[in-house]
Structure formats: C-alpha cells, structure tokens
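In: No letters, just coordinates:
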C-alpha cells in the first residue's frame, strides 16, 4: 500500500486534460471558419473541378472529423491512464533525479522534450506501416480546415511509448501529459487555408498553417515532409522541411471513399492483415508490417 501511495503522490491535482477546456474554443473557431467558408464560396465561385475550394467544408466530412475527435478524447484518456501507471513507476523508482514542477526549466524540458519526441514519432508513423495504420485516419480527408484538426486517431500507443524518456529524465508524469496537450492545442490552429504565410522569423522557428498544409499534401513534392508539432526547426535540422510552393492536394494517395468512423480508423490494419496472409515468405510479411506504406516485395 505504501508503494501505491508513493506512486499516487507524484500525481498532483493539476492532472486534468487541458484539451477538454479547449474544446469550446475549437468549436467556436470551427463555426466561424465554416460560416465564412460558406459565404466565401458564393463570392469566389466554383473551385477547380474535382477538388474542394480553398478552406471549404463538406458537412458530412466535417461531422465525421468532429465525431472522430470526440471519440479520441475518451480513447486518449484511456491510453493516458495506462501510461500513467508506467510513467509513475519510472519517475518514482528509476529516474536518477526529480525535476521540480515549479522550476521554469522543467517546463522547457517537458514541452521541448515532448515536441522533439513528437517529431520522431510522427516521422516513424509515416515510414513504418504498422504505425501509419494508427495515424492515417488523420490524413484521410480531402478537406483542410479546423474540422480536419479534430480528425484524430484512437490509438495513442506509439506516442505513449515515445514519451518514456521524459519520466526517466525526472519530468513529473502530469507535466508530460500537459506538454502533449499543449502541443495538441497548438496544432489545432495550423489546420486552415485561411491563414497565409506569417512573418519570416515565425515561419523559420514555428510550425505554421503554411508548413502544415505541406504535411497534409499528397503531392509527390510534399509527401513525408514537415513532421513538426510546435516547432519546425526539427524538420530544418533533420532534412524533412519543405516550403509551400503551391496549393496542396489533400488526403491519402489512395483515397478512402467512406465516412464510416470505424472503417477510417481500422482500414489499414485490415489491409496489412490481408497482405500478410497473402505473402508466402516471412521477409515479405515483415516488409508489409514494418516497411513504409506502399511497400511491395521486389520482383524478379
């Protein structure tokens, strides 16, 4: 019982989900953008044939994104609860020191640490098919607006594993979660086509709507670029940065013609299972699971 009490003692009352408090603001901004999009569509006329107008909304697509986001609040809470048990044990019994939550540098370690680990996870998620299966739902819309920001995955296991170094470095577990929530809240506003480029110093350091539009593009020049969460400097440092040179075509390279929430979340897992069953060699089975999306066995 003493050990349980010690684990619980590292979890102060601040362990509340900031995203919950941000939801009303998300919905307010979404409503404003959606209303403006309707008016601007009438003023700007028809879009390019076969693609949505810039900043456009489709009601069914938007409600699908919103619904996925609402479910993700619950699933993320469940994943965080599981992670909490492990993080608290690592923090209490393994970390060589405990950083003070009242010290400014602990917040720097927590937020910057979450951000660089998010970059690493995000890059892996686009290059390893099994992890891509958890992330691809976020990219499944051909629309790019504030509703798309809410089209979140339901499986946060990869991020949970990626954050392990932080409690090992003595960051209190609740600060790890708060750091990720800050990142998630920040990334909401960059899902819009209504904001162009910002002043150059901001564009150089921070992830912006222009940078993130590139990330959601399915065009060859834009694929697997701009993985940053809050900061874009990781992409500049590690060679994955791409400036926006033309309006992207959004969505997956293989479009998903459905608004079914469960299908959008699980379709890639089903496709992986189908490919693994059809493979005759173990190296091909591993390739379908751990190779990049679209991987195929060599022929000849």
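Out: In hand now; what should we look at? Since we're looking at a predicted model, the values are computed, not measured.
In: what's the burial count for residue 180?
Out: 27 (other C-beta atoms under 10 Å). Where C-beta positions appear, they are placed from N, C-alpha and C, glycine not excepted.
In: Now do the contacts for it.
Out: The contact partners of residue 180, taken as C-beta atoms under 8 Å, 6 or more residues apart in numbering, are 114, 118, 159, 163.
In: Please apply the same query to residue 212.
Out: Residues in contact with residue 212 (C-beta under 8 Å, 6+ apart) are 187, 190, 191, 226.
In: could you dump the contacts of residue 180 to TSV with secondary structure?
Out: Formatted as TSV, the contacts of residue 180 follow (DSSP: H, G, I helix; E, B strand; the rest coil):
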residue	secondary structure
114	helix
118	helix
159	helix
163	coil
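In: just to revisit the earlier point, most neighbours among the contacts of residue 212, which one?
Out: residue 226 (26 neighbours).
In: Residue 94 is in contact with residue 169, correct?
Out: No. In this structure residue 169 lies outside contact range of residue 94 using C-beta atoms under 8 Å: 10.5 Å.
In: In terms of packing, which of those two has more residues around it?
Out: More neighbours sit around residue 169 than around the other of residue 169 and residue 94, counting by other C-beta under 10 Å; the figures are 19 against 10.
In: Can you check the pLDDT for the more buried one?
Out: Residue 169 is assigned a pLDDT of 96 by the prediction.
In: how much space is there between it and residue 231?
Out: Distance of residue 169 to residue 231, computed by C-beta to C-beta, to the nearest Å: 19 Å.
In: what about stretch 96-109, how long is it end to end?
Out: Length of stretch 96-109, first residue to last, C-alpha to C-alpha, to the nearest Å: 16 Å.
In: list the contacts for residue 263?
Out: Contacts for residue 263 (C-beta under 8 Å, 6+ apart) come out as residue 256.
In: swap that for residue 61, sorry
Out: 141, 142, 143, 147, 259.
In: mind redoing it with 6 Å?
Out: 141, 143 (C-beta atoms under 6 Å, 6 or more residues apart in numbering).
In: Point me to the helix or strand that includes it.
Out: Take DSSP states H and E as the rule and residue 61 turns out to sit in helix 59-89.
In: Quick one: mean pLDDT for that helix?
Out: Mean pLDDT, computed over helix 59-89, is 91.
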